[in-house]
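Novice: Sequence and predicted structure, then a few things I'm wondering about:
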Amino acid sequence: MKNPILISGIQPTGRLHLGNYLGALKNFVDLQNSGKYQCRFFVADLHALTENPNAKDLNKNIVSLAADFLAAGLDPKKSIIFQQSQIGPVQELKWILSPLTPTSELIRMTAFKEKVLQALKPEEREKITKEKFEKIVEGTNFGLAEYPILMAADIMVFDGQLVPVGNDQLQHLEFARTLVRKFNNKFGQTFIEPKALLTATPRLMSLDDPSKKMSKSRPAGCLFIDDSPEEIERKIKTAVTDSGSEIKYDEKEKPGISNLLSIMAGLSGKPIATLEKEFANANYGKFKQSLAVLVSDYFASFRKKKAALLKKPATLKKVLQHGSVQAQKIAVKKLAEIKEKIGLVI
């Protein structure tokens, strides 16, 4: 009996930060190395188009993300590693699934609402009326709305059975499951309902403002996984902490130190309660120093490997091209089955 098919991707929208690593990439490598799955990981460059990137930046980011994948431990001999835009059947399936999708369902998606309203202040979001929301939606690029259909196509064209996701992606996965049921009910059993493989991911916050999520849009408060040791030390040293000096996890009263504890727990593998005991007699300065050393040492090998890989862009492109050929063969076969089911084959 074959291992279940596992699929997931990351958007090439710039350098990966610690939240991206703990929430996705580290988990990808662990799942691959478990030997329990048929792994398919992709550079989600079509999804990245929703950000309207500069062409040169996108091209550079695709190659850089491939380097991140390999430097972190993804192995083309163990996983199919490919470029989403090179798989034509994904786009065809997205169109086939679109008529099964009510537009109203797309604009009710939590992730869509957050993207649409991200420019507003929190107090403005709370008071927004239905009319004002609809007005803002009118000027929003449609790619943001159809994102869940593309994500469903990514999964379904490869018969994905398991999708490693965080809680923020559960709604999108449930949408994919709904499309599977709709298609199967209308055209006969064709797809497997994908299941979530939830990751125990800490919600990392910005180092300079622990009330906001760690984000590439706030580089000063963002720990990028290819930051130099000096940059890591500087960012952690200046990270916002709280009143008092106790190293204790308390999101409400001590959000700054709680965020730093989450980072240490995520990289060290130690429970937060254990870390609280270890640093019971330490002050913030000593704790930050220990954390800076941990982060720097943890990614030392990654930094070295990524730098070496980026000097060989042709090799990185070859890895993506080889994986894309493998993925294309699988997707073409599945699309042929789908087209026959819906009556397009004469």
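Specialist: Okay, I see it.
Novice: Give the burial count for K78, as a bare number.
Specialist: For K78, the count of nearby residues is 15 (other C-beta atoms under 10 Å). For every residue, glycine as well, the C-beta is placed using N, CA and C.
Novice: what's the neighbour count on the residue nearest to it when sequence neighbours are not counted?
Specialist: Nearest residue to K78, sequence neighbours excluded (C-beta to C-beta, 6 or more residues apart in numbering): Q32, at 5.3 Å. By other C-beta under 10 Å, 19 other residues sit near Q32.
Novice: which ones are touching Q32?
Specialist: Counting by C-beta atoms under 8 Å, 6 or more residues apart in numbering, Q32 touches C39, F41, G73, L74, D75, K78, S79.
Novice: L223 now?
Specialist: Contacts of L223 by C-beta under 8 Å, 6+ apart are H17, L18, L207, M214, I232, K235, I236, I263, V295.
Novice: in terms of contact, does the second one touch G221 like I think?
Specialist: No - distance between L18 and G221: 11.0 Å, which falls outside the contact criterion (C-beta atoms under 8 Å).
Novice: Of the two, which one has the most company?
Specialist: Neighbours per residue (other C-beta under 10 Å) separate L18 from G221, with L18 holding more: 25 against 22.
Novice: Just give the nearest non-adjacent residue to the more buried one, would you?
Specialist: Nearest residue to L18, sequence neighbours excluded (C-beta to C-beta, 6+ apart): L223, at 4.4 Å.
Novice: Can you list the residue ranges for helices in the stretch 51-200 of the chain?
Specialist: Remark: helices assigned in the stretch 51-200 of the chain by DSSP state H, counting those that start in this stretch are 55-72, 88-97, 103-107, 110-117, 122-127, 130-138, 142-156, 170-187.
Novice: circling back: list the buried ones in the strand or helix carrying the residue nearest to K78?
Specialist: Per DSSP states H and E: Q32 is located in helix 26-34. Buried residues in helix 26-34, counted by 16 or more other C-beta atoms under 10 Å: K26, N27, F28, V29, L31, Q32.
Novice: can you state the direction angle for it and helix 55-72?
Specialist: Taking axes from the mean of the first three to the mean of the last three C-alpha atoms, to 10 degrees, one finds helix 26-34 and helix 55-72 inclined to each other by 50 degrees.
Novice: next structured bit after helix 26-34?
Specialist: As assigned by DSSP H and E, the chain's next helix or strand after helix 26-34 is strand 38-43.
Novice: Show me what that following strand is packed against.
Specialist: On a contact count with 3 or more C-beta pairs under 8 Å, 6 or more residues apart in numbering; DSSP states H and E, strand 38-43 meets strand 5-10, helix 26-34, helix 55-72, strand 79-83, helix 313-342.
Novice: show me where pLDDT drops low in the stretch 151-300 of the chain?
Specialist: Residues of the stretch 151-300 of the chain meeting the criterion pLDDT under 70: 200-202.
Novice: circling back to that earlier point, quick one: which of the contacts of L223 is nearest D68?
Specialist: Of all the contacts of L223, D68 sits closest to H17, with 11.1 Å by C-beta to C-beta.
Novice: thought the closest one was touching D226?
Specialist: No - when contacts are counted by C-beta under 8 Å, H17 is not listed as touching D226 (9.7 Å).
Novice: re earlier: top of the contacts of L223 by number of neighbours, please.
Specialist: L18 (25 neighbours).
Novice: give me every residue that touches the nearest residue to L198 once chain neighbours are set aside.
Specialist: Spatial nearest neighbour of L198, excluding adjacent residues (C-beta to C-beta, 6+ apart): V165 at 6.9 Å. By C-beta under 8 Å, 6+ apart, the contact list for V165 reads S8, H172, L173, A196, L197, L198, T199.
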